[in-house]
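S.K.: fold the following, please.
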Amino acid sequence: MATRAEPKVEVKVFVDEENSRVVFAESGREFVDVLLGFLTLPLGTVVRLLGKQSQAGCLDEIYKSVDGLPTRLFKTEACKTMLLSPINAAAKRCCQLKVRVDDTKHGEVYVCADTSCCAHVEGAFSSVRGAVCKCGKAMFQLAGERPENDCSTSAARGGDFDVAVFVKEDVKFIVTDDFHVAPASTSLMLSILEKFEVQDLSCLEQRTLQLSSDKMISLLKRSLTSKNPLTGHYFDLAIASDDSVTDILPGNLHPQQENDAEYTLNNVKIKVLQTKDNSSVLYAEAGADFADLLLGLLSIPLGSIVKMYGKCTSNGCVHNLYSSINGCADGFLRPGCQISLLSPNLPPFFGCGTAKMLQVEELSPYKQEIDGCIKCFKIGGFRDLARCWEQHYVYNGLENVYTYKNCRADVKKSSLFEWDPKLPKGEESGTGEAYVKQGPQSFMVTDNLHVLPLSLASSLRVISEAKVQRKDLVEKELALTKPQILKAALVTRKALSTALLPPKEPAPKNMKKLHHQSFGLY
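M.R.: As a prediction, the model looks like this:
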C-alpha cells in the first residue's frame, strides 16, 4: 500500500543572494494559517515541541522542573500531565490546518473502565488522561475524540485541506522576514524594496519552499529567537544560543516603572538568598503558591503572553504576527478568528493563578448529549454508539420478539459532562485552580526558575556553584505584589535577579568616553 505523502505548505521567497537575505515571501492562506496558529499554542507545548530548547527566557527550566518534580507534590497526577502536555483551546480550528505543528491529541475523551459508574443518566469524562473520576477510579480508558473536534477526520483527508482556518480564502499575503503579515499589494512590495534598498529587481531570485511540520516547528523556534526567521531558514543558519539575554536587566520589569497596578498578587511571600551588593539572587525559598505561579505559565497560550507583554522574548519576532492581526491583516480574517487570536482562551479547568494575573479566560466545561447509554459509551466510545441500539428478533416459544441485542437499558440517551482533572480522589468540589498541592512543603527556586523541593543539599550546591563567600550573602524576605517575575521569566536567564533586585545603573557616558580615549579611539 502506498504511503501517504506528508502534508506541506508552499511559500515563495524572494531572495537577495548577494546580501544573503530573504527580502519577503508570498503565500496563500495555508502558510499564514499555520503561522497564526503559533499564537494559540500553550507555552508548555512550545517548549515540548522544541525539545526543551526553546531558549525563551526560563521556560525550558520551568518545563524541566515539572518533569522532574515528584507527582506527590501536585494535587493530582493529571495536574503534571496538564502542564507537560497542555491542551490547546483552539484545537477545533487547528485540527484543520494543512500542516499541524502540535501533535497533542486534542479532543480525546477518557473515562474510567467501570461500566456501572454513573451508568444511568450522566457520565463523567475528562480530556486529561489519568484524571480521577467522581467514583474515585482513574480515567485511563480512551472513548475516542469528540465528534465535532475529531482530528482524525481531517487526517483521513490525506492532506487535501480546502478549509480556511484563520484567514479568508483566495487571499495572497506578503510575509516579511520578521513575520509581519499583510495582504499582498504593489505598494507594500515597493515599500519593502525601498526599506532594503533594492534598486535592481533582477537581483532578486524567486524560490519555492515546501514546508513540512518539522520545518514549521523550526520556524516557530526561529520566531522566538531571531528577528529574521525566513532568512535563517532559507540559508540554513545555525540558531544562535540565546546566552546574550543572561545579564540583561530590562528596567521596565521593576515595580516602580510598571503601569500594572491592577494586576496584583495576593501577597506571595518568599525568602531570597542574595549577595549583599545586590549583584545576584542565588535562589528563593518559597511555598506552593509561588511554585504554582511559575509552573502555571506552561498552560498559558503564546498569544496571551504577547497580549500582556508585547515583545515576549528578548530576540524573537513572534509579536509581529500578533500585531498584524489588528494591523494590516485586519479585515482578512474569518469571522470570530480575530478575537480567538488576540485573546486566546484556556481549555476548561486549565485556569490558575497565573491565568488570572494575565487575564486569560477559561472556557466552560464541555457537555454533550449522546444517543446511547453510558455503559455502551464506555464499551464502544463515540464511534460505536450504535451497539446500544442494535436489534434482533428472538423466539420466546410463542412468537418472535423484537429486542435489543447488546444492551438492556430502557433509556437510550444520556449526558456526558467534563470532570475537573485537578480534583483528588473522593472530592467532588474544590477551588480547581492550583496545580501544585497546597500545604506546608517548601520549594527552592533558582535564579533561572528551576523549581525543586527545598533541601540543604540543593542549597549548598547552588551556593558552591555560585562561588560566593558566606560573608557576602544575605537572606531577605519579600512580599511579591507585582507580576514582573512572569515577564522576567520570558526574557532573561536570571529572572529572580532581574525582577527582584534594583536595576543596575549604567556607567556614566563621560567615563565611557574617558576609557575609550585612553586607547586612542577618540
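S.K.: so how far is residue 268 from the residue lying closest to residue 58 once chain neighbours are set aside?
M.R.: Residue nearest to residue 58 in three dimensions, not counting chain neighbours: residue 449, with 3.8 Å by C-beta to C-beta, 6 or more residues apart in numbering. Where C-beta positions appear, they are placed from N, C-alpha and C, glycine not excepted. Computed as C-beta to C-beta, to the nearest Å, the residue 449 to residue 268 distance reads 14 Å.
S.K.: higher neighbour count, those two?
M.R.: Shown here are residue 449 and residue 268; by other C-beta atoms under 10 Å, residue 449 has more neighbours (25 against 17).
S.K.: contact partners for that one?
M.R.: 58, 61, 62, 65, 294, 489, 495, 496 (C-beta atoms under 8 Å, 6 or more residues apart in numbering).
S.K.: could you pull out the buried residues of the helix or strand harbouring the second one?
M.R.: Secondary-structure assignment from DSSP states H and E places residue 61 in helix 59-68. With burial defined by 16 or more other C-beta atoms under 10 Å, the residues of helix 59-68 counted as buried are 59, 60, 61, 62, 63, 65, 66.
S.K.: then stretch 190-205?
M.R.: 192, 193, 198, 204.
S.K.: related to what we said a few turns ago, now the two most distant members of the contacts of residue 449.
M.R.: For those, the farthest-apart pair by C-beta to C-beta is 65 and 496; their separation is 13.9 Å.
S.K.: thinking residue 230 is in contact with residue 13, fair?
M.R.: Yes. With contacts counted by C-beta atoms under 8 Å, residue 230 reaches residue 13, the gap being 6.2 Å.
S.K.: neighbour count winner among the two?
M.R.: Neighbour totals were compared for residue 230 and residue 13, and residue 230 leads with 26 against 22 (other C-beta under 10 Å).
S.K.: which parts of stretch 36-55 are buried?
M.R.: So, applying 16+ other C-beta under 10 Å, buried residues of stretch 36-55: 36-50, 54-55.
S.K.: now it: average pLDDT?
M.R.: The pLDDT scores in stretch 36-55 average 96.
S.K.: circling back to that earlier point, now do the helix holding residue 61: distance to the chain's middle.
M.R.: Chain-centre distance of helix 59-68: 14 Å, with C-alpha atoms, centre = their mean, to the nearest Å.
S.K.: beyond that helix, next helix or strand please.
M.R.: helix 77-84.
S.K.: angle of that next one against helix 59-68?
M.R.: Angle of helix 77-84 versus helix 59-68, following axes from the mean of the first three to the mean of the last three C-alpha atoms, to 10 degrees, is 160 degrees.
S.K.: by contact count, what packs against helix 77-84?
M.R.: helix 43-49, helix 59-68 (3 or more C-beta pairs under 8 Å, 6 or more residues apart in numbering; DSSP states H and E).
S.K.: just send those back as a markdown table, with distance to residue 224 too.
M.R.: A markdown table is the format used below for the helices and strands packed on helix 77-84 (distance: least, C-beta to C-beta, whole Å):
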| stretch | distance to residue 224 |
| --- | --- |
| helix 43-49 | 8 |
| helix 59-68 | 9 |
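S.K.: so which of the ones you listed gets nearest residue 143?
M.R.: helix 43-49 (23.2 Å).
S.K.: which parts of the protein belong to which domain?
M.R.: 9-107+146-352+434-500, 108-145+353-433 (automatic domain parsing).
S.K.: tell me the most buried of those domains?
M.R.: Mean neighbour count (mean count of other C-beta atoms under 10 Å) peaks for domain 9-107+146-352+434-500 among the domains of the chain, with a mean of 18.
S.K.: ok, residue 53 to residue 450 distance?
M.R.: The value you get for residue 53 to residue 450, if C-beta to C-beta is used, is 15 Å.
S.K.: now the residue nearest to residue 58: which helix or strand?
M.R.: Applying DSSP H and E, one finds residue 449 in no helix or strand.
S.K.: and what of residue 476?
M.R.: Counting by DSSP H and E, residue 476 is found in strand 473-480.
S.K.: please apply the same query to residue 331.
M.R.: Counting by DSSP H and E, there is no helix or strand that carries residue 331.
S.K.: quick one: it from residue 364, how far?
M.R.: Distance from residue 331 to residue 364, by C-beta to C-beta: 30 Å.
S.K.: got it, and residue 288?
M.R.: 27 Å.
S.K.: about what we covered before: please save the CA atoms from the helix holding residue 61 in CSV.
M.R.: Output of helix 59-68 as CSV, limited to C-alpha atoms (Å, rounded to 0.1, in the frame of the first residue of the first chain):
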residue,chain,number,x,y,z
LEU,A,59,10.7,28.5,30.1
ASP,A,60,12.9,25.5,29.4
GLU,A,61,13.9,25.3,33.1
ILE,A,62,10.3,25.6,34.2
TYR,A,63,9.3,22.7,32.0
LYS,A,64,12.1,20.6,33.2
SER,A,65,11.0,21.4,36.8
VAL,A,66,7.6,19.9,36.2
ASP,A,67,9.1,16.9,34.5
GLY,A,68,11.4,16.3,37.5
